[in-house]
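Enquirer: Any chance you could fold what I've pasted below:
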Amino acid sequence: MSAVIRDKGPERWPLDNIEDAAGAARPGSWLPAAACFGDPDPDAWFADVREKARVEHALATCAGCPVRVQCLDFAMRIGAQYGTWGGLTEQQRAEQLRAWRAS
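Expert: Prediction:
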């Protein structure tokens, strides 16, 4: 089965197929492989944007993460409003979502 998700509602984000969507909805399947898993400063992923060093630490960690795409997809699907997910800050995710909806 390979159906494209076309709904642009707030709970949807584009994926290649339904099977990917099912996997993305279960963070337990990819979370242990995340570069941030077990980080000594987990709050860095939810740091205020004025805490530049912590935000930069989160973004740098995400940059080399093997499950960055799954993480970003999960954040977009659940409508995560706060924190760094999949290498994007909350502002960057909001911009991506607005751009995608406008397309």
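Enquirer: Report how many residues lie close to residue 44.
Expert: By other Cβ atoms under 10 Å, 20 other residues sit near residue 44. From N, CA and C alone the C-beta is placed, and that goes for glycine too.
Enquirer: Need the nearest residue in space to it, chain neighbours excluded.
Expert: Spatial nearest neighbour of residue 44, excluding adjacent residues (Cβ to Cβ, 6 or more residues apart in numbering): residue 54 at 4.2 Å.
Enquirer: so what's the one you found up against?
Expert: By Cβ atoms under 8 Å, 6 or more residues apart in numbering, the contact set of residue 54 is 41, 43, 44, 47.
Enquirer: just the buried members of these?
Expert: Neighbour-count burial within these applies to 44, 47; the criterion is 16 or more other Cβ atoms under 10 Å.
Enquirer: quick one: residue 61 and residue 40 touch, right?
Expert: No: contact criterion Cβ atoms under 8 Å: residue 61 and residue 40 do not qualify, at 11.3 Å.
Enquirer: the more surrounded of those two?
Expert: More neighbours surround residue 61 than the other of residue 61 and residue 40, with 19 against 5 (other Cβ under 10 Å).
Enquirer: Validate this expectation: that one resides in a helix.
Expert: Yes: Residue 61: assigned to a helix according to DSSP: H, G, I helix; E, B strand; the rest coil.
Enquirer: Quick check: which ranges of this structure have low pLDDT?
Expert: Applying pLDDT under 70 to the chain flags the ranges 1-27.
Enquirer: Need the residue closest to the centroid of this structure.
Expert: In the chain, the C-alpha nearest the mean C-alpha coordinate belongs to residue 72, at 1.9 Å (Cα atoms, centre = their mean).
Enquirer: so that one sits in a strand?
Expert: No: according to three-state DSSP, residue 72 belongs to no strand; its state is helix.
Enquirer: Let me see the contact set for it.
Expert: Contact analysis of residue 72 by Cβ under 8 Å, 6+ apart lists 85, 86, 87, 88, 93.
Enquirer: separation between it and residue 64?
Expert: 14 Å (Cβ to Cβ, to the nearest Å).
Enquirer: Counting neighbours, what do you get for residue 86?
Expert: If we define neighbours as other Cβ under 10 Å, then residue 86 has 21 of them.
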